[in-house]
Each structure stands twice: as C-alpha cells, then as structure tokens.
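In: return a 3D structure for these sequence lines:
(chains A and B)
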Amino acid sequence: QQQVKQSPQSLIVQKGGISIINCAYENTAFDYFPWYQQFPGKGPALLIAIRPDVSEKKEGRFTISFNKSAKQFSLHIMDSQPGDSATYFCAAKGNAGNMLTFGGGTRLMVKP
Amino acid sequence: DVKVTQSSRYLVKRTGEKVFLECVQDMDHENMFWYRQDPGLGLRLIYFSYDVKMKEKGDIPEGYSVSREKKERFSLILESASTNQTSMYLCASQEGGNTEAFFGQGTRLTVV
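Out: Residues are numbered from 1 along each chain as shown, chains lettered A, B, ... in the order given. Below you'll find the predicted structure:
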C-alpha cells in the first residue's frame, strides 16, 4: 500500500512543452515534499522541494504546486528539453523521523 | 563533492546464497538508508540507521538485515537470497531533518 500515489507512470512530451506529474498523499503528518530526478544508471538526486506552508515554489523551469486541503502536489517542467528525460519521484516526509516515502515514479521522455 | 559509494554496480547470486551489499558515505551523516527500487513501486525503504549500531525496520525488512559498525559504512545483508529479491538496491545518507538525501549509484542484484 503506497502512502504517496504518483501519476502518470510514463509521460511523453514534445520539446518545448509542459510536463506535469501529480502526487497525492494521505498522511497529514507529512511536512516536507521533495522531488527527485533519476537518470539511467544513476541514483536519484534532489531536484526541488517544498514545505506545506507555501503553495508554490519555482526554481528555473521547475515548479512545485502544493494543495494542502486536497493533499496533492505536482511538478511542472516548463519548456521541457530532451535532457529532462529521466525518471521523477515525488516523496514525502513526516515531522517525526527522517524517512522519505516515495511515489511510484514517472518515466518522462521529451521528444526533440 | 559529496559521495555515497556502493561496492558493486551489478551482482549475480544463486538462490540461497548469503549476499552482502556495502555502502560508504564521506559526508559524516548520521542517517543512512537502504531502499529497493522496482518498476511502478518506486523506492521502498528496507532498513535505516540513525547512528552507529542503531537500526530501524523500514516498510519491507523481511529477508534482510543490516549492519552499521562504523558511521560511514552501512551494509545490507540478504541472509538467504531468493529470486523475489532480484531488484535495484539504493543506499542513501542524510544529515537529518528536511535536508537532502544523497544516493549511491545503485546495485542491480539478480538472484538465479
């Protein structure tokens, strides 16, 4: 039983388009929501993170939108590039302990 | 540059063998984690450790054990490997709180 549900499992976007990945959670004790990016043959690496006291965080072409009442958050990649092709994981962490709970992952392919 | 190093990129083991996966971090982090990554299931936490000789079970500890004799080293042990343990194994370390978790490059284990 996944505590963080991620969709879609795979996504194909044209170069220059917007990639959108969604996550939903149940545990209201989660208070930190990072996104990790994983390239083939590599371990995941932190991309961007948000706390629930803000509704949006932007870093370059990457934006997290957070809806606390709906218990949902999403990653938007603007002007998607072929170099963004990777697997993306959303995650959540509670205020007790340091464990991250991950979503199932989204494999993004950006076509040139 | 921060580094988490896993001892093997690829391993092939026979059913029933005892398997050791080693992980070393050079960041003096208190927390270390072992995850397994399977398609569609994301990263699932097997065990974690918040101090030397301390360990806590994650979501899927059955069939695994861990050892942390030194702060920089965290080992995952498969007592008697089974085919359903064929997977990608990822080690991570983290300073604590809402800080970035750093991952190793992963070990792809195949049990035949």
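In: residues of chain B that sit close to chain A?
Out: Counting by CB under 8 Å from any CB of the partner chain, chain B comes close to chain A at B:4, B:31, B:33, B:35, B:39-45, B:48, B:50, B:58, B:90, B:92, B:94, B:96-98, B:100-106. No exception for glycine: its C-beta is placed from N, CA and C like everyone else's.
In: buried ones among the residues you listed?
Out: Applying 16 or more other CB atoms under 10 Å in any protein chain shown to these, the neighbour count classes B:4, B:31, B:33, B:35, B:42-45, B:48, B:50, B:58, B:90, B:92, B:94, B:101-104, B:106 as buried.
In: the bottom helix or strand of chain A by mean pLDDT?
Out: Here the helix or strand of chain A ranked lowest by mean pLDDT, DSSP states H and E is strand A:100-102, holding a mean of 91.
In: can you list contacts of it?
Out: For strand A:100-102, contacts defined as CB atoms under 8 Å, 6 or more residues apart in numbering or on different chains pick out A:3-4, A:25, A:27, A:30, A:34, A:36, A:89-93, B:33, B:35, B:42-45, B:101.
In: and if you look at stretch A:33-53?
Out: Stretch A:33-53 is contacted from outside by A:23, A:30-32, A:56-57, A:59, A:62, A:64, A:66, A:68, A:73, A:75, A:86-93, A:100, A:102, A:105, B:4, B:43, B:90, B:92, B:98, B:100-106, using CB under 8 Å, 6+ apart.
In: could you pull out the strands for chain B?
Out: B:4-6, B:10-13, B:19-25, B:31-38, B:42-49, B:56-57, B:64-70, B:73-78, B:87-94, B:101-103, B:107-111 (DSSP state E).
In: quick one: contacts for the residue of chain B at minimum distance from chain A?
Out: Among the residues of chain B, B:Phe103 lies closest to chain A, at 3.1 Å counting by CB to the nearest CB. Neighbour list for B:Phe103: A:Tyr36, A:Gly43, A:Pro44, A:Ala45, B:Val4, B:Leu90, B:Cys91, B:Ala92 [criterion: CB under 8 Å, 6+ apart].
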